[in-house]
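*Asks:* Sequence plus predicted model, see below.
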Amino acid sequence: MRWSRYFWYTSKEDPADAEAPSHKLLIKGGFIKQVSSGIYEFNPPGVKVLRKIENIVRKEMDRSGALEVLLTVLNPSELWKETGRWDLYGRELFTLRDRNGRDYCLGPTHEEEITDLVRSYVNSYKQLPLILYQIQVKFRDEKRPRFGLIRGREFIMKDAYSFDTDEMSAMISYENMKFTYDRIFKKLRLKTLMVEASVGAIGGISSHEFVVLTDYGEARVAYCDNCNYAANAEIVKLSKPKEEEEKEKPLEKRYTPNTDTIEKLSSYLGVPSGKIIKAVLYIVEDKEPVMFLIRGDRSIDENKVEAFLGTENFRLADDQEVWNILKTKKGFIGPFNLPNKVKVYWDNSTYGIKNAVIALNEPDYHYVGANPGRDFNYGEFVDVCQVENGDPCPKCGSPLRVSKGLELGHIFLLGTRYSEPMKAYYRDHTGQEKPIIMGCYGIGISRCISAIVEQYSDEKGIKWPTPIAPFELDIICVNTSDQEQREVAEKLYLLAKELDIDVIYDDRDESPGFKFADADLCGFPYRIVVGKKVKEGKVELQSRHTGERWDMEIDKVIEEVKRLVDEDKK
RNA sequence: CGGGGUGUGGCGCAGGCGGCAGCGCGCUGGCAUGGGGGGCCAGAGGUCACGGGUUCAAGUCCCGUCACCCCGACCA
């Protein structure tokens, strides 16, 4: 490709609206362009990267025995009503109506459609097991799109679905996909971590996420360096700590004005926040008040709350509700003198605290020196505490490490969540009718682009791994008005094409510095600079990854690039 | 959906105290250049997000709407 004839425009300035490095670089480098919040179009080099990723994924899926299909983007509501998700999926579902008043959705995922496809052909155990996949655009009307391709409302996903006769067989399909995902991310040069994940409301049997550790992820991931345990933070169980050993002080009611936060209370009383028992009031299903008590230096993990309550329909009580229910204000909520309708749960972290500070639902007052058994009694214990760095590993007790993670893949053993309501049945060898056991497996393809940029970039720009790079080689002619340099560059370009190197020749009439800056930004793994040294029969070969530069004979440089590129792609 | 912020040539920004709409990059033409977004000359390009209001006069003040970004809760 000659750059002067290509459609590729970079920017000198950082885009104003981008925050994450991958978002900035992809826009600045002219790979993508924003159309609307969470909606991006791909320019030619962006498409090249996307296709290379897709093809790596496709190759590994095919190798696993999965078969590619292409389902529809526009999906009639009927199937979604069969599984109840037309209503359950909520406002995240993009819906529309045709001229005859029929409802459709733009597919956010395709369990319904794939199950419909399979049930229309599969009747017998002889046709199973089966894994089908597709690579296709998905639509989700996210509450908050973020960070470019990291969370979009329109994005490219690889979704696969397995169909098995029984749970044992389904487990084998699941393991197959786990293995395949591991290969895929290695081929994409992504350093991923496989973590145990919540099966959530889908009610599946097993679930794992593949995440990369980055500040621009939205999941919290806990992992143990000692025993290799790794899990999404929301499912890491925290049990009761040891009882504190401390001499009990007398109970005292103290005037504590304006202490509506733990920090203020802690500094007002000169007591560490870990000695405070914090009470948080939630309103469940818009009516039922539920109080959680937790140690003052810890936070509530609302994912755990959701799992415990069995509903996502809950929220913090507002000031008015706190007053109406408890006759107090925020900061002074406690487990004493409660109306009967308030349910109270004690997080494990509150166990064994001696000489605690605790509120009593009386504005501007707290108890100090409160001790369990003597001054108050625990109720039912629960685990709703957010996991933090250093918490004990549930497997081996070593300190956990907690990081932000970006979820690139998620695999699920679904069971019969879709096959049962949609009557996707088969006959077993005795002639008995049984529901198919399903699994589903996703990879955010467009999100992978961002993840790769997050992992491979520096202040100058992107450093694409060779298998994913928009071009493997960039040829720059320093002085375009020098006849000899132009001829050499031209010759090398044609030779590189001859050898099937994915090459771009920067033949634009721009200053050398301009082209160097673009080359760094756009992230070509190899660059040949044709300059003054052509007089000595030499050009310069550079590696974007290592920064190395070598003077090479003009006659040998392309073969060397070919060797390096082939090595990288192994 | 709660909280915060921003909307001014293609891009990045200034102007905000009401009185000729500016700068840098990019773009067009020309000249000199050619190893790190380089120099000189001459140009083109704007419904100041939208709607309403105050005023002799609004980019600027007031009210409303919309869009986008960031922080939180949810998905690949």
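*Replies:* That came through, no problem.
*Asks:* Spell out which parts of the stretch 151-300 of chain A neighbour RNA strand B.
*Replies:* For the stretch 151-300 of chain A, the residues in contact with RNA strand B (C-beta under 7 Å from any atom of the strand) are A:Arg151, A:Gly152, A:Arg153, A:Phe155, A:Met157, A:Gly200, A:Glu209, A:Glu218, A:Ala219, A:Glu234. For the C-beta atoms, the positions are set from N, CA and C on the backbone; glycine is no exception.
*Asks:* any idea whether the closest residue to A:Cys477 other than its chain neighbours is helix, strand or coil?
*Replies:* In this structure, A:Cys477 finds its nearest non-sequential neighbour in A:Ala489, 3.9 Å apart by C-beta to C-beta, 6 or more residues apart in numbering. Under DSSP: H, G, I helix; E, B strand; the rest coil, A:Ala489 falls in the helix class.
*Asks:* doesn't A:Ile475 make contact with A:Ala489?
*Replies:* Yes: the pair A:Ala489 / A:Ile475 is scored as a contact, 5.5 Å apart, by C-beta atoms under 8 Å.
*Asks:* shared neighbours of those two, which are they?
*Replies:* A:Tyr505, A:Val530 (C-beta atoms under 8 Å, 6 or more residues apart in numbering).
*Asks:* So for those two, which sits in the more crowded spot?
*Replies:* The residue with more neighbours, out of A:Ala489 and A:Ile475, is A:Ile475; 30 against 25, by other C-beta atoms under 10 Å.
*Asks:* so, in contact with RNA strand B or not, the helix or strand A:Tyr493 falls within?
*Replies:* In this structure, A:Tyr493 sits in helix A:483-498 according to DSSP states H and E. No: Helix A:483-498 lies apart from RNA strand B when judged by C-beta under 7 Å from any atom of the strand; the minimum separation is 8.1 Å.
*Asks:* Dihedrals phi and psi, A:Glu154?
*Replies:* The phi/psi pair for A:Glu154 (degrees, to the nearest 10) reads phi -130, psi 130.
*Asks:* Same question for the one 5 residues further on.
*Replies:* Main-chain dihedrals, A:Asp159, degrees, to the nearest 10: phi -120, psi 140.
*Asks:* need the contact list for it.
*Replies:* A:Thr109, A:His110, A:Tyr133, A:Gln134, A:Gln136, A:Lys138, A:Cys440, A:Tyr441, A:Gly442, A:Ile443.
*Asks:* What is the burial count for A:Lys28?
*Replies:* A:Lys28 has 19 nearby residues by other C-beta under 10 Å.
*Asks:* What sits closest to it if chain neighbours are left out?
*Replies:* Nearest non-adjacent residue to A:Lys28, counting by C-beta to C-beta, 6+ apart: A:Ser11, 5.0 Å away.
*Asks:* Can you classify the one you found by secondary structure?
*Replies:* Under three-state DSSP, the three-state class of A:Ser11 is coil.
*Asks:* so it sits right up against A:Leu25, yeah?
*Replies:* No: using C-beta under 8 Å, A:Ser11 and A:Leu25 do not qualify as a contacting pair, with a distance of 10.6 Å.
*Asks:* These two: who's more crowded?
*Replies:* Regarding A:Ser11 and A:Leu25, a neighbour count based on other C-beta under 10 Å identifies A:Leu25 as having more, with 25 against 12.
*Asks:* Just to be sure, A:Met112 is in a helix?
*Replies:* One correction, residue A:112 is Glu, not Met. Yes: looking at A:Glu112 with three-state DSSP, it is inside a helix.
*Asks:* can you pull the contacts of it?
*Replies:* Listed by C-beta under 8 Å, 6+ apart, the contact set of A:Glu112 reads A:Asn75, A:Leu79, A:Trp80, A:Glu82, A:Thr83, A:Arg85, A:Tyr418, A:Met422.
*Asks:* gap between the nearest residue to A:Gly415 once chain neighbours are set aside and RNA strand B?
*Replies:* Spatial nearest neighbour of A:Gly415, excluding adjacent residues (C-beta to C-beta, 6+ apart): A:Ile205 at 5.4 Å. Per C-beta to the nearest atom of the strand, to the nearest Å, A:Ile205 is found 15 Å from RNA strand B.
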